[in-house]
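Asks: give me a model of this one.
(one chain, ligands or ions: 1)
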Amino acid sequence: GFQVKVASTGAVYDVPADKRITEVLDEAGVFVPVSCEEGVCGTCLVRVLEGTPEHRDLYLTDAEHEANDQFTPCCSRSKSPMLVLDL
Ligand code: FES
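Replies: Residues are numbered from 1 along each chain as shown. Below is the predicted model:
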């Protein structure tokens with residue numbers, strides 16, 4: 001697992017292997033709009049302020065993946081112990 005931090009509140013949440021980031025956030029009352037939940041539509045796109053996402057979407061381009069400053073939290077994970085999200 002890894003952790004996500006909501007930049008606006010400073011709150012940190014554990015993301016277990018069996019849960020989506022959007023599920024963890026939703027349970028904490030942090031709303032991120034979702035649609036496909038498969039990394040196709042881009043509805044859930046969130047800016048990443050710190051950390052390196054493990055991109056699992058088909059929405060962003062290779063160059064956008066390499067920039068690591070945004071990701072799709074419906075399906076993507078993290079390569080670093082923590083992601084700080086612009087939420
Ligand atoms: Fe469609 Fe995340 S909800 S890419």
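
Asks: so residue 84, which state does it fall into?
Replies: Under DSSP: H, G, I helix; E, B strand; the rest coil, residue 84 falls in the strand class.

Asks: which residues touch the closest residue to it other than its chain neighbours?
Replies: In this structure, residue 84 finds its nearest non-sequential neighbour in residue 50, 3.9 Å apart by C-beta to C-beta, 6 or more residues apart in numbering. (Glycine included, C-beta is placed from N, CA and C.) Contact analysis of residue 50 by C-beta atoms under 8 Å, 6 or more residues apart in numbering lists 5, 82-84.

Asks: type out the ChimeraX command that picks the buried ones from those residues.
Replies: A single ChimeraX command is used to select the members of these judged buried by 16 or more other C-beta atoms under 10 Å:
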select :5,83,84
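
Asks: ok, of the contacts of residue 50, which one's closest to the ligand?
Replies: When the contacts of residue 50 are ranked by distance to the ligand (C-beta to the nearest ligand atom), residue 83 comes first, at 15.1 Å.

Asks: for beta bridges, what are the partners of that closest one?
Replies: Under the criterion DSSP bridges, residue 83 forms beta bridges with residue 4.
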